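Peer 1: have a look; sequence and predicted model below, questions after that.
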Amino acid sequence: MNEEISKSARFWAKITSARIFVSNAFFLIILSIIIISLISVIFSSDLKDPANKAFFFQPNGPIVEQIENSSDPLSNLILGNESTQISLKETLRIFSKLKNDNRIQYIILNLDNIEGTGQTALFDIGQSLKKLKDSGKKIIAIGDSYSQSAYYLASFANEIILNPDGGIFIEGYSRYRNYYKSFLDKVGVTINLFKVGTHKSAVEPLTRDNMSIEDRNSSKIWMNDLWDSWKENVASNRKLIPQDIQYFADNLNILIKDADGDFGKTVLNAKLVDKLLNRTETREYLLNKIGPDDTEKTNYARISIDEYLQVVNAEEPSSNIPNNIAVIVAQGTIMDGDHPPGTIGGDSTAQLIRNARQNDEVKAIVLRVDSGGGSAFASEVIREEIIAAKQQNIPVVASMSNVAASGGYWISASANEIWASHDTITGSIGIFGFIPTFEDSLDAIGIHSDGLGTTNMSGNNITREINPVFAEILQSNVEHGYLKFISLVARERNMTLEEVDLIAQGRVWSGKEALKIGLIDKLGNLSSAIDRAANLANLNEYKTFFPENTLDWKEEFIASLFGKVFVGILSLLNLESIINTSENLIITLDKFKDPKNIYAICEDCLTY
């Protein structure tokens, strides 16, 4: 017995020694990475000279109003939180600097990874590219293939080069969703829906098996507006007519067949590209035009987005202008409480506005909205701060980006003026609430609920049929919320309740149509809205800044140092996908956390 105990002790002693060895080795690896990173930062601060180099614009992800960021340091620690998104603000700033930078004559666009960029953002970037081209810069787009978003920007180039084995995928705009009513009926889930608004279709997938006529008709109008805008811009850039683009998209199967299945030849024949060159041929073509790189003679001289941004930041003159305009970005779902950039927290976004209005140097506020809405309660918390700013004689201009609908319109409504792009999706003025109950599901497997309570409100539980008293309360709340919403719009837009109700009912509008019906004041981009805010504040000189809620320095330090290490480990263990799946589920459920279960959200606005 003693011998067996001794063997067991030796075994566990070896396990302990191995564990200590692995822990120490792991610590040394992390320490080495930290030291190497610090050395890299210290000794790699030299700026790259942009002279005689092409600016190489290759985003690693979608171009967005605000880069998403998690405020949870553990999430940053585990997942690294290295966003592939690129800031629209910085993109436009770079292009503005390039226009007057005589050191750079060529702009190379590689747009393989920008899928997910909104149409309004694409329009603004396209206009910046147009200004670059008009200033004499040569823009060349290169790519193995082009998505619809990529081709839109590529069309502004002087030349478009496509890999012979690639293609251009233009499919217009669509909105298809899965509908679950029959499935929910089969599994016995009851969706108790409370809404106001004929066109409020966010919950239709749970209550129908197909798209309603109202949703179909209103969606067709705003999608056609966006599609017409897309075709007109691309056709003009390529010296075509919009019908040429429509014909290509509608008859691509015939056109490819006529070209013996050669996709590259098909788009060349359609005059959508200028050259068919593979990667090697493209590199040689650009090498001959631009010249070789100093260190890599077989490649053309170029400077990346990050490298040029470092140059721009270093050359930015210091400013002593005391007048500031705060541009507060409200991007994502509106949720109650505090949330990081990329999501609109009722409390955190309200705090940004409060900080701005309490800053003596802030003379105007621009609220940049890119949101399909969310919590009605959180939306009102944000709007109250806008009212407070106006009461301090600080003008507020709402600038709508890709989407500013439902709650996104709510938080914009009380601004002094509302600006939007003609490609903006807005409106969706309506309210809904819903609670799923599972009494039939449980009954089918032999589980039943019974009991008693002391009031008519007792016994609210998703395992039982919804309490009719509670249902009446929720419907009354929804109707009150809708009346409050349209009353707000009527008051702020100088309209009658009847006039607002006609254009509300949850209906979605394009920016172009919203201007016609009085939901917005002007069509223009963020720059135009900032200029207007300065004008309202009587400012001749001003500077802008973009306040954000950020992590404290300790959380940022931990996340930046350890994040990438854990990403590698998790990928080896195949745990990252599990964590991401769980996180996405939590985020989805977290959207529906309004204190009164009432939402001003246009979920379907984000699916075009």
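Peer 2: Sure, I can see it. Since the structure is predicted, the reported quantities are computational estimates derived from the model, not experimental observations.
Peer 1: and the end-to-end length of stretch 442-452?
Peer 2: Using Cα to Cα, to the nearest Å, one end of stretch 442-452 lies 19 Å from the other.
Peer 1: do the same with stretch 256-273
Peer 2: By Cα to Cα, the extent of stretch 256-273 from end to end equals 15 Å.
Peer 1: please report phi then psi for Lys181.
Peer 2: Phi and psi for Lys181, reported as degrees, to the nearest 10, are phi -60, psi -50.
Peer 1: can you offset everything so residue one is 712?
Peer 2: Yes, from this point I'll number from 712; that puts the last item at Lys892.
Peer 1: what pLDDT does the model give the spatially most central residue of the chain?
Peer 2: With distances taken as Cα atoms, centre = their mean, Val775 lies nearest the centre of the chain, 5.1 Å away. At Val775, the model reports a pLDDT of 92.
Peer 1: contacting residues for it?
Peer 2: Contacts of Val775 were listed using Cβ atoms under 8 Å, 6 or more residues apart in numbering, and they are 796-799, 828-829, 832, 1042, 1081. No exception for glycine: its C-beta is placed from N, CA and C like everyone else's.
Peer 1: now these as a markdown table including secondary structure?
Peer 2: As requested, those are exported to a markdown table (DSSP: H, G, I helix; E, B strand; the rest coil):
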| residue | secondary structure |
| --- | --- |
| Gln796 | coil |
| Ile797 | strand |
| Ser798 | strand |
| Leu799 | helix |
| Thr828 | coil |
| Gly829 | coil |
| Ala832 | helix |
| Gln1042 | strand |
| Asp1081 | strand |
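Peer 1: ok, so of those residues, who is nearest Ser856?
Peer 2: Ranked by distance to Ser856 (Cβ to Cβ), these are led by Thr828 at 16.3 Å.
Peer 1: got the phi and psi for that closest one?
Peer 2: phi -70, psi 130.
Peer 1: picking that back up, separation between the residue nearest to the centre of the chain and Ala832?
Peer 2: Per Cβ to Cβ, to the nearest Å, Val775 is found 7 Å from Ala832.
Peer 1: tell me, what's touching those two both at once?
Peer 2: Joint contacts of Val775 and Ala832 (Cβ under 8 Å, 6+ apart) are Leu799.
Peer 1: okay, now the unreliable bits of this protein?
Peer 2: Counting by pLDDT under 70, the chain shows low-confidence ranges at 712-727, 729-730, 732-739, 741-756, 780-794, 908, 910-911, 1261-1319.
Peer 1: what is the burial count for the nearest residue to Asn821 once chain neighbours are set aside?
Peer 2: With sequence-adjacent residues excluded and distances taken as Cβ to Cβ, 6 or more residues apart in numbering, Asn821 is closest to Gln769, at 4.1 Å. A total of 16 residues lie near Gln769 under the criterion other Cβ atoms under 10 Å.
Peer 1: contacting residues for Gln769?
Peer 2: Residues near Gln769 by Cβ under 8 Å, 6+ apart: 820-824, 1015-1016.
Peer 1: and if you look at Leu963?
Peer 2: Leu963 makes contact with 881, 977, according to Cβ under 8 Å, 6+ apart.
Peer 1: same thing with Ile815?
Peer 2: Ile815 sits next to 761-762, 764-766, 809, 848, 1014 when contact means Cβ under 8 Å, 6+ apart.
Peer 1: now swap in Thr1255 and tell me
Peer 2: 1035-1038, 1077, 1241.
Peer 1: try it again with 6 Å
Peer 2: By Cβ atoms under 6 Å, 6 or more residues apart in numbering, the residues touching Thr1255 are 1036, 1038, 1241.
Peer 1: dump those to JSON lines, plus secondary structure.
Peer 2: Formatted as JSON lines, the contacts of Thr1255 follow (three-state DSSP):
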{"residue": "Ile1036", "secondary structure": "strand"}
{"residue": "Val1038", "secondary structure": "strand"}
{"residue": "Ile1241", "secondary structure": "helix"}
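Peer 1: most surrounded residue in these?
Peer 2: Per-residue neighbour counts (other Cβ under 10 Å) across the contacts of Thr1255 peak at Ile1036, which has 25 neighbours.
Peer 1: now that one: how far from Trp1121?
Peer 2: In this view, Ile1036 and Trp1121 are 23 Å apart by Cβ to Cβ.
Peer 1: cool, and Ala1100?
Peer 2: When distance is defined by Cβ to Cβ, Ala1100 is 16 Å away from Trp1121.
Peer 1: pick out whichever of those two has more residues nearby.
Peer 2: Taking other Cβ under 10 Å, Ala1100 and Trp1121 do not tie; Trp1121 has more neighbours (29 against 24).
Peer 1: just to check, the more buried one is in contact with Glu1091?
Peer 2: No. With contact defined as Cβ atoms under 6 Å, Trp1121 does not reach Glu1091; the gap is 7.2 Å.
Peer 1: which phi and psi does Ala1037 have?
Peer 2: Ala1037 adopts backbone torsions of phi -90, psi 120, taken as degrees, to the nearest 10.
Peer 1: for it, list each beta-bridge partner.
Peer 2: For Ala1037, the beta-bridge partners under DSSP bridges are Ile1076, Phe1256.
Peer 1: contacts only, for it.
Peer 2: Ala1037 neighbours (Cβ under 6 Å, 6+ apart): 1067, 1073, 1076, 1258.
Peer 1: ok, and the most crowded of the residues you listed?
Peer 2: Going by other Cβ under 10 Å, Ile1076 tops the contacts of Ala1037 with 28 neighbours.
Peer 1: quick one: that one from Glu1259, how far?
Peer 2: According to Cβ to Cβ, Ile1076 stands 14 Å off from Glu1259.
Peer 1: please name the nearest non-neighbouring residue to Leu988.
Peer 2: Once flanking residues are discounted, Leu988 sits nearest to Ile872: 5.2 Å by Cβ to Cβ, 6+ apart.
Peer 1: surely the one you found and Asn989 touch.
Peer 2: No. Look at Ile872 against Asn989 with Cβ under 6 Å: they stay out of range, at 9.8 Å.
Peer 1: and those two? Which one has more around it.
Peer 2: Neighbours per residue (other Cβ under 10 Å) separate Ile872 from Asn989, with Ile872 holding more: 23 against 16.
Peer 1: any idea what the more buried one is bridged to?
Peer 2: Going by DSSP bridges, Ile872 is paired in beta bridges with Ile853, Lys986.
Peer 1: residues in contact with it?
Peer 2: Contacts of Ile872 by Cβ under 6 Å, 6+ apart are 853, 986, 988, 993.
Peer 1: can we see that at 8 Å?
Peer 2: Counted by Cβ under 8 Å, 6+ apart, Ile872 has contacts 851-854, 984-988, 993, 996.
Peer 1: same question, Asn903
Peer 2: Taking Cβ under 8 Å, 6+ apart, one finds 1145-1148, 1177, 1182 in contact with Asn903.
Peer 1: assign it to helix, strand or coil.
Peer 2: strand.
Peer 1: mind checking how far the closest residue to Ser930 other than its chain neighbours is from Lys931?
Peer 2: Leaving out its chain neighbours, the residue that sits closest to Ser930 by Cβ to Cβ, 6+ apart is Arg886, at 5.6 Å. Look at Arg886 and Lys931: by Cβ to Cβ, they are 9 Å apart.
Peer 1: the more surrounded of these two?
Peer 2: Neighbours per residue (other Cβ under 10 Å) separate Arg886 from Lys931, with Arg886 holding more: 17 against 11.
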